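Enquirer: Sequence and predicted structure are below.
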Amino acid sequence: MSSNRIGPAVAAAAAFGLAISFVPNRIANGAAVLGVLGTLVGLLAVLVVRSVRTTVVVGGLAASGAVVIFALGRVDAPTAPLRLVAWIVVATASITLAYNAGRLTLRALAPALLIGAAALLAGPGAAGLARPSGDLGNALGLSSGQASLLSPTARLDMTRRPELSDRVVMTVEADAPAFWRSQVFEMWDGSSWMIGPDGVSDVGPGGAVAPEPGAEIAGRRRLTQHITVTGVQANVLPAAATAIDIDAPGGVSQTPDGTLLSHGVLGDGGSYTVVSAVPDVTLSQLQAIRPADAADPTEAAILARYAATPTATARVQALAAELGEHAATPGEFIVGAEQLLARTTDYSLDAPLSPAGVDVVDHFLFESREGWCEQIASSLVVLARLRGIPARLATGYAIGSYDSVGRRYVVRERDAHAWAEVWFPDAGWVPFDPTAVVPLADSNRSSFTSDIATAAGIALLVAAVIVLGAGPAVRMVRRLIARLRSRRGRPSEGTWIDDAWVRDAERRLDAAGRERGVARESSETATAFARRLADDELARVGVAIDRIRYGGPDAERRDPPDAGPARE
């Protein structure tokens, strides 16, 4: 078995394996299986079925690897840049090996690396940004992590980018819209949120949910919701805050902050009903409410738990102090903080991730100034706590889209959301959504940057194509001129054309021999060597070579047979 076939095939398999490493964990198993099967089939075709061209399989694996990386892949992992460079080198090396019959030269590899550099510049590596899974992933029905809001988690990592699709996760029948809360996080370490230290307990008889201290549910409006899970499995049961009663199959537990947990897994079509006491207070009323009183035992406990000084940098603390100078009440401070976020930050799912070891809130407020709901809401919570205002982070789903026919709210994975909950005396926990007032990132600026990268990439691709195609193009023109001149009866002027064809044909004839493991003897004519290869087409090429070489320019006046690329 010729090493000229093994080399490019193995290199292509390695390139595809590197491409698979970019696939997110959520689809890694399926992609790995498809990748392994596809690679094995390709390798068997190259190594066993001699009629299959190596270049076809190698090129196919390289192309599919590019699709995996740029349509389904994530390039924000710490090792991603190195793996991307490795993929470019290995993939281009495999293609070069295939087209050069196992010979890898720097001259041959350089144009291929140029194409790789163009792909890197035009692709997600150009801006150094990760992006959510592409439309191809959604079209294939690949889930993108919806379980994070329907399964309990003790830690919310703020250094990871959300991956959201249009997949429906639940429908809600309710008389009014609300945020459908899944979990509450209260402890902040600068990069992640953690849930409280309390355990869980079963809800009371008849599904009564025990309100946490200071919930102030007496004066609130009642909202009944009938929620149906769609296409997913749920352990966390989202509902409007604050839930006071629930009817769900299999039993329900709760945490003190009101998070509802199913005893079993609620699958596709599973449903439950929740009655919640939702805030019924205006913003002006909140702005008039006094601060919490540490002398009151209930309020003191809330202050100790939710208003303790959080992890924050000096400039975040200074910003909170500056905002506090212009606010007489907690409500005024919250409004002022939201206005600051609206003036100085932008919303974008493509915002740069915070570097490792850097405070996420500080990086968002002073460096990137771009982020999504988690950074925006976290900033409000941290700023509020720095002024002694009880606050926490809530996660769940936004309202969704209203289906007027079904009279229900359709909630999709892309409706996943995070917001702040702020505690007020006599009002309890009230949701604030600072993301709603933060403008979208400048699309023109993003488009301009993308256009530059794309234009540069296209320019490099064109240059690469010119470099790669220059040789074949010159040979084609030379052969065309030779044919025209031979038809005009001017054979003597076509000698240099014949010589060029002979040199090219001999190179390809030798390559075909190497591919078959047959070496040409130094004294062997092209005709004799071609006959040993047992191929009629190559035999005709060998005869034509010898006629031109040993018979002079008039020896072979018919158009020589097309040597074509060496069959691989």
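Expert: That came in fine, so what should we check first?

Enquirer: okay, CA-based contacts and neighbour counts for the rest of this
Expert: Noted.

Enquirer: Verify the contact between Ser262 and Ser253 for me.
Expert: Yes - counting by Cα atoms under 8 Å, Ser262 touches Ser253, with 6.3 Å between them.

Enquirer: Can you find the helix or strand of this structure with the lowest average pLDDT?
Expert: helix 135-139 (a mean of 30; mean pLDDT, DSSP states H and E).

Enquirer: Would you map the strands across the stretch 401-550 of the chain?
Expert: 401-403, 408-412, 416-424, 428-432 (DSSP state E, counting those that start in this stretch).

Enquirer: quick one, which of those is packed in tightest?
Expert: Most buried of those, by mean neighbour count (mean count of other Cα atoms under 10 Å): strand 416-424, with a mean of 26.

Enquirer: strand partners of it, parallel vs antiparallel please.
Expert: strand 391-397 (antiparallel), strand 428-432 (antiparallel) (DSSP bridges).

Enquirer: Touching stretch 329-339 from outside, list them.
Expert: 283, 286-291, 323-324, 326-327, 380, 383-384, 389, 424, 434, 437 (Cα atoms under 8 Å, 6 or more residues apart in numbering).

Enquirer: Give me the buried positions along it.
Expert: Buried positions in stretch 329-339, judged by neighbour count with 16 or more other Cα atoms under 10 Å: Thr329, Pro330, Gly331, Glu332, Phe333, Ile334, Val335, Gly336, Ala337, Glu338.

Enquirer: For those, give me JSON lines that also has secondary structure, distance to Ala301 and pLDDT.
Expert: Shown next, in JSON lines, are these (DSSP: H, G, I helix; E, B strand; the rest coil; distance: Cα to Cα, whole Å; pLDDT from 0 to 100):
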{"residue": "Thr329", "secondary structure": "coil", "distance to Ala301": "20", "pLDDT": "96"}
{"residue": "Pro330", "secondary structure": "helix", "distance to Ala301": "17", "pLDDT": "96"}
{"residue": "Gly331", "secondary structure": "helix", "distance to Ala301": "20", "pLDDT": "96"}
{"residue": "Glu332", "secondary structure": "helix", "distance to Ala301": "23", "pLDDT": "97"}
{"residue": "Phe333", "secondary structure": "helix", "distance to Ala301": "21", "pLDDT": "97"}
{"residue": "Ile334", "secondary structure": "helix", "distance to Ala301": "21", "pLDDT": "97"}
{"residue": "Val335", "secondary structure": "helix", "distance to Ala301": "25", "pLDDT": "96"}
{"residue": "Gly336", "secondary structure": "helix", "distance to Ala301": "26", "pLDDT": "96"}
{"residue": "Ala337", "secondary structure": "helix", "distance to Ala301": "25", "pLDDT": "96"}
{"residue": "Glu338", "secondary structure": "helix", "distance to Ala301": "26", "pLDDT": "96"}
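
Enquirer: Now render those residues as a markdown table, adding distance to Pro162.
Expert: Shown next, in a markdown table, are the buried residues of stretch 329-339 (distance: Cα to Cα, whole Å):
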| residue | distance to Pro162 |
| --- | --- |
| Thr329 | 34 |
| Pro330 | 31 |
| Gly331 | 30 |
| Glu332 | 31 |
| Phe333 | 29 |
| Ile334 | 26 |
| Val335 | 27 |
| Gly336 | 28 |
| Ala337 | 24 |
| Glu338 | 23 |
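
Enquirer: Tell me the one of those residues nearest Val405?
Expert: The closest of the buried residues of stretch 329-339 to Val405 turns out to be Glu338 (Cα to Cα; 35.9 Å).

Enquirer: So that closest one versus Asp362, what's the distance?
Expert: If you measure Glu338 against Asp362 using Cα to Cα, to the nearest Å, the figure is 16 Å.

Enquirer: send the alpha carbons of stretch 247-258 over as CSV?
Expert: Only the C-alpha atoms of stretch 247-258 are listed here, as CSV (Å, rounded to 0.1, in the frame of the first residue of the first chain):
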residue,chain,number,x,y,z
ASP,A,247,-50.2,22.0,41.7
ALA,A,248,-47.7,19.7,40.0
PRO,A,249,-47.4,16.0,39.4
GLY,A,250,-45.1,14.0,41.6
GLY,A,251,-44.5,16.4,44.4
VAL,A,252,-42.6,19.7,44.7
SER,A,253,-39.8,21.1,46.9
GLN,A,254,-38.9,24.7,47.5
THR,A,255,-35.9,26.8,48.6
PRO,A,256,-36.5,29.7,51.0
ASP,A,257,-36.1,32.2,48.2
GLY,A,258,-39.1,30.6,46.4
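
Enquirer: change the start of the numbering to 107 and stick with it
Expert: Okay, using 107 as the starting number, the last item reads as stretch 353-364.

Enquirer: which residues touch stretch 411-423?
Expert: Residues contacting stretch 411-423 (Cα under 8 Å, 6+ apart): 292-296, 465, 467-468, 488-498.

Enquirer: which of those residues are buried?
Expert: 292-294, 296, 465, 467-468, 488-498.

Enquirer: quick one: which of those sit in strands?
Expert: Counting by DSSP state E, these place Met293, Trp294, Ala497, Arg498 in strands.

Enquirer: quick check, nearest of the residues you listed to Glu269?
Expert: Closest to Glu269, out of all of those and judged by Cα to Cα, is Trp294, at 22.5 Å.

Enquirer: which residues does the closest one contact?
Expert: Met300, Pro416, Thr417.

Enquirer: What residues are bridge-paired with it?
Expert: Applying DSSP bridges, one finds that Trp294 bridges with Trp299.

Enquirer: separation between it and Thr417?
Expert: In terms of Cα to Cα, Trp294 sits 7 Å off from Thr417.

Enquirer: Domain map for this protein?
Expert: 109-242, 253-265+272-547, 565-657 (automatic domain parsing).

Enquirer: Find the nearest non-adjacent residue to Arg287, please.
Expert: Spatial nearest neighbour of Arg287, excluding adjacent residues (Cα to Cα, 6 or more residues apart in numbering): Gly502 at 4.4 Å.

Enquirer: how about the strands of the stretch 207-356 of the chain, start to end?
Expert: 261-263, 274-280, 286-291, 293-294, 298-300, 307-308, 327-335, 340-342, 349-353.
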